[in-house]
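# Would you be able to build a 3D model of this:
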Amino acid sequence: MRITLLTALLLVVLRLSIGWHFFFEGLHKLHTVLVGPTTTSKPFTSEGYFRETNGPLAKYLRQQIGDPDEMTLARLTPLPFPAGKDPKEVSPVERMPPALNQDWDAHFERFADHYQLGDMQHKETKAKLTQAKANLVGWLTDTNKDNGKVVAKSFNTSSFETKQTVPMRIEEYRAKLDELREVYDKKLPLMNLDVEKANLTKRKAEVRQLRESLVSDLDSRTADMKKDLASMLNTRQKEAGELGDAEPAGVIRWIDRATVWGLTAIGGGLLIGLFTRLNCLLAAGFLAMTYLADPAFPWLPVSPKSEGNYAWVNKNTVEMFALLALATTYSGRWVGLDGLIHWIFFGRSDVKSSR
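Numbers count the residues shown, from 1 in each chain. You can find the predicted model right below:
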């Protein structure tokens, strides 16, 4: 089928528009990473995106990178008393949550290596860490309500404040999380409709508020532990400077890097018409993954980032099929470096025959 000049022009404009979309998104994310955290923005990470989405791909990736709620509970749940052992004979440190224990031990090893602790200093600093662990387990298991935290609660239209111990807050968090998952995994698919609406938003907000409150208090305890370790340093060691945070490891770091550089490279390739068909397929594949992470299924609530209400089809699918259609054309040869490359290797006659 012969393509008219107007059709070719519009296809090129479509390619440039999608290319600019991808390039600008990638450039913006890259800028936040290079600049670092500021008062108005944070470096790009896809962790929050996968935390809020509920598609099949998002659930799979959360299994790989770690579900934030499961990770939080793992760091807040002390080990049970060993079977057959008198609880009075069990040291609080023995009940330290394994996930948190690993993080604290890793920090201590980095701390000791960074400041070159001597043998005696290493032993004394280790004792500080052990005491901090015991204090943390005591905080996690303290059932004395007088030592609890004042939290705001609401019932119907009234609000009030009450004291809750850490075990009470963790149990409430766990219960609210189970209720939310019950809605997502059973109720909404069964009804084939988002019947929860605003109630679901409220449920998610409650879980998020409980999680953030507990994480904030836990981070404060971690900060106190680091200050206790730093108090053991002498003047010479302090000149070595502060110990920075460990670089986050795992799948999420590679996903973030691939997203930032991939969007930028794909968008740039579409703009200059280089490897156009390949970039169209890569871009379509990326959009297919975003759809599977946050699909427009009728029973799922509309994502806060969506610009409207959709059923099955959203803007990602429209752009994805547009890219697949572009992949069947010669738009990169019409206007782009693909045309120059093709002319160099195959000559002008073949370019004409491809129109």
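
# just how off-centre is the host helix or strand of residue 252 within its chain?
According to DSSP states H and E, residue 252 maps onto helix 251-272. Centroid separation between helix 251-272 and its chain, computed with C-alpha atoms, centre = their mean, to the nearest Å, is 17 Å.

# which residues are contacting whichever helix or strand comes after that helix?
The helix or strand immediately downstream of helix 251-272 is helix 276-293, counting by DSSP H and E. For helix 276-293, contacts defined as C-beta atoms under 8 Å, 6 or more residues apart in numbering pick out 15, 18-19, 22, 49-50, 53, 55-58, 61, 262-263, 266, 269-270, 314, 316-317, 319-321, 323-324, 326-327, 331-333, 336, 338. C-beta coordinates here come from the backbone N, C-alpha and C atoms, glycine included.

# sorry, back to before: elements contacting the helix holding residue 252?
helix 5-35, helix 56-65, helix 276-293 (3 or more C-beta pairs under 8 Å, 6 or more residues apart in numbering; DSSP states H and E).

# Surely residue 114 and residue 244 touch.
No: between residue 114 and residue 244 there is no contact under C-beta atoms under 8 Å: 9.0 Å.

# more crowded one of those two?
residue 114 (14 against 8; other C-beta atoms under 10 Å).

# returning to what we had before: residues touching the helix holding residue 252, excluding its own?
The contact list for helix 251-272, computed with C-beta under 8 Å, 6+ apart, reads 15-16, 18-27, 29-30, 33, 44-47, 61, 64-65, 247, 274-276, 278-280, 282-283, 286, 336-337.

# Now do the helices in the stretch 1-150 of the chain.
5-35, 47-52, 56-65, 68-76, 98-115, 119-141 (DSSP state H, counting those that start in this stretch).

# Show me the one of these that comes nearest residue 182.
Distance to residue 182, taken as C-beta to C-beta, is lowest for helix 68-76 among those, at 13.8 Å.

# buried subset of the contacts of helix 276-293?
Listed as buried from the contacts of helix 276-293 are 15, 18-19, 22, 49-50, 53, 55, 57-58, 61, 262-263, 266, 269-270, 314, 316-317, 319-320, 323-324, 326-327, 331-333, 336, 338; burial here means 16 or more other C-beta atoms under 10 Å.

# which stretch in the helices and strands packed on helix 251-272 is the model least sure about?
Comparing mean pLDDT across those, the weakest is helix 56-65, with a mean of 77.

# From the chain's centroid, how far away is that helix?
The answer for helix 56-65 is 11 Å, by C-alpha atoms, centre = their mean.

# Beta-bridge partners for residue 158, please?
Using DSSP bridges, the bridge partners assigned to residue 158 are residue 155.

# give me the number of residues near it?
7.

# mind checking pLDDT for residue 302?
Reported pLDDT for residue 302: 64.

# Appreciated, that's everything.
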